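S.K.: Quick one, structure for this:
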Amino acid sequence: MSDVLDGTTWTQDWIKQISEASDSKELDKVRIALLGKSGILTQELKKLGSLSVEERRTVGANLNNIRESFERLLNEKSRKIDEAELNKRLQQEFLDVTLPTRPNTPGKRHLLTQISEELSSYFCARGFCVMSGPEVDTEFNCFDGLNMPKHHPARQEQDTLYVKDCANMLLRVHTSTMQVRTFLSTGVPVRGISIGSVFRNDAVDATHTPLFHQIEGFVVEPGITMAHMKYCLLDLLSFLFKVDLCAMVARNEPIPVRFRPSFFPFTEPSSEVDCCCSRKDGELKLDLDGTWMEILGCGMIHPNVFKNCGIEHFEDGTPVQGFAFGIGIERIAMLKYGVTDIRHVYEGDMRWLQHYG
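M.R.: This next block holds a predicted model:
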């Protein structure tokens, strides 16, 4: 506060009125009385023309100091009133939008979360490491590093979601990107899995959504062959569907699983794995009386994938080799639990969540 205000009696009265103003209307009345067109200070400033040059200089400076001080006090008081009115309004208009807790209905883990955790536990017990990476990745990690040429149809915009104004960036179309990331960062040998979201430019229907989930597994170790891959996948299917397929193979019994030759750019040779499934009494059964259905894709990792990552040999000098496989989490859910429409997985229907949770 200026010395002029401290030494002027009438200004103290106005300072008191400013401090005691309880709302914006009262404060505006004080502001108009002081600084308005007919206000006290405005009228005083108009009288300067009748004064001598020396008096005008002194009185004008004092009036300007008083005016600036009042403006500062008024603005500070206005800010406090606005803040108080806002807090009062927030308390009066508060609306609790949360739902009350529901007795005897504890939350449950989503079906996809259950399957992902089961698979992570299964593979970790067998020496696999869980790898995680970004959902927005480069074209090299998604395509070039995985031996997918520039002209491959999967790289076109009708299949892939590219990031606008970010060159060579896209929403990953498969979790196979973690193969390239792992080979470049940690090298080989390695035994890993990656579970996460992937994205495709698909129309939504009973079996397709633009977002779904995959698990990618890969083993790169000396001496790995397709025989190891087949045993690994038979053991995985035994775990998922509660059937000891490896024991059936040992007993020379016909098994409801077949490895069908296929083609993938990042594996050679490649296979698709089919299971013969039927549903009896609401449960999925693997038997030869059912219908053959594709479950997953797999194969020996293509030498070009290793070459693109700068890897050609193990430390002992033997050529690098390994296998990889990929399977959709939603595909497992639909087969194992009888989910007939993939859209139910994402709708958030409490009845569905309580049933499958």
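
S.K.: where does this protein have low pLDDT?
M.R.: 1-10, 105, 282 (pLDDT under 70).

S.K.: State which helix of it is the longest.
M.R.: helix 53-92 (DSSP state H).

S.K.: Which elements pack onto that helix?
M.R.: Contact partners of helix 53-92 among helices and strands, from 3 or more CB pairs under 8 Å, 6 or more residues apart in numbering; DSSP states H and E: helix 3-6, helix 9-20, helix 24-35, helix 40-46. Backbone N, C-alpha and C define where each C-beta goes, glycine included.

S.K.: Could you say which one of those helices comes nearest to residue 162?
M.R.: Smallest distance to residue 162 across those (CB to CB): 52.7 Å, for helix 24-35.

S.K.: Now do that closest one against helix 9-20, angle only.
M.R.: Per axes from the mean of the first three to the mean of the last three CA atoms, to 10 degrees, the angle that helix 24-35 makes with helix 9-20 is 160 degrees.

S.K.: Name the residues of helix 24-35 that come out as buried.
M.R.: 27, 30, 31, 34 (16 or more other CB atoms under 10 Å).

S.K.: Over to stretch 190-198?
M.R.: 190, 191, 192, 193, 194, 195, 196, 198.

S.K.: got a list of contacts for it?
M.R.: 116, 119-120, 123, 127-133, 135, 171-175, 178, 182-183, 211-221, 329 (CB atoms under 8 Å, 6 or more residues apart in numbering).

S.K.: Check stretch 78-91 too.
M.R.: 21, 22, 23, 24, 27.

S.K.: do the same with stretch 223-235
M.R.: With contact meaning CB under 8 Å, 6+ apart, stretch 223-235 is reached by 217, 219, 245-246, 249, 255, 257, 259, 269, 273, 296, 298-300, 321-323, 325.

S.K.: if we go to 7 Å?
M.R.: Outside stretch 223-235, the residues that touch it by CB atoms under 7 Å, 6 or more residues apart in numbering are 245, 246, 249, 257, 259, 273, 298, 300, 321, 322, 323, 325.

S.K.: what do you get for stretch 279-293?
M.R.: 241, 243, 254, 256, 274, 275, 276, 277, 278, 335, 336, 338.

S.K.: where does the third one fall, helix, sheet strand or coil?
M.R.: Secondary structure of residue 254, reduced to three states by DSSP: H, G, I helix; E, B strand; the rest coil: coil.

S.K.: That one: how many residues sit nearby?
M.R.: A count of nearby residues for residue 254, using other CB atoms under 10 Å, gives 10.

S.K.: Please spell out the ChimeraX selection for the buried subset of the contacts of stretch 279-293.
M.R.: Selecting only the buried entries of those in ChimeraX, with 16+ other CB under 10 Å as the criterion:
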select :241,243,256,274,275,276,277,335,336
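
S.K.: Tabulate the contacts of stretch 279-293 (a markdown table), appending secondary structure and distance to residue 101.
M.R.: Supplementary listing: the contacts of stretch 279-293 in a markdown table, determined by DSSP: H, G, I helix; E, B strand; the rest coil; distance: CB to CB, whole Å:
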| residue | secondary structure | distance to residue 101 |
| --- | --- | --- |
| 241 | helix | 37 |
| 243 | coil | 41 |
| 254 | coil | 53 |
| 256 | coil | 46 |
| 274 | strand | 46 |
| 275 | strand | 42 |
| 276 | strand | 46 |
| 277 | strand | 40 |
| 278 | strand | 42 |
| 335 | helix | 35 |
| 336 | helix | 31 |
| 338 | coil | 31 |
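
S.K.: Residue 348: which of the contacts of stretch 279-293 is nearest?
M.R.: Proximity of the contacts of stretch 279-293 to residue 348 (CB to CB) peaks at residue 338, which lies at 19.5 Å.
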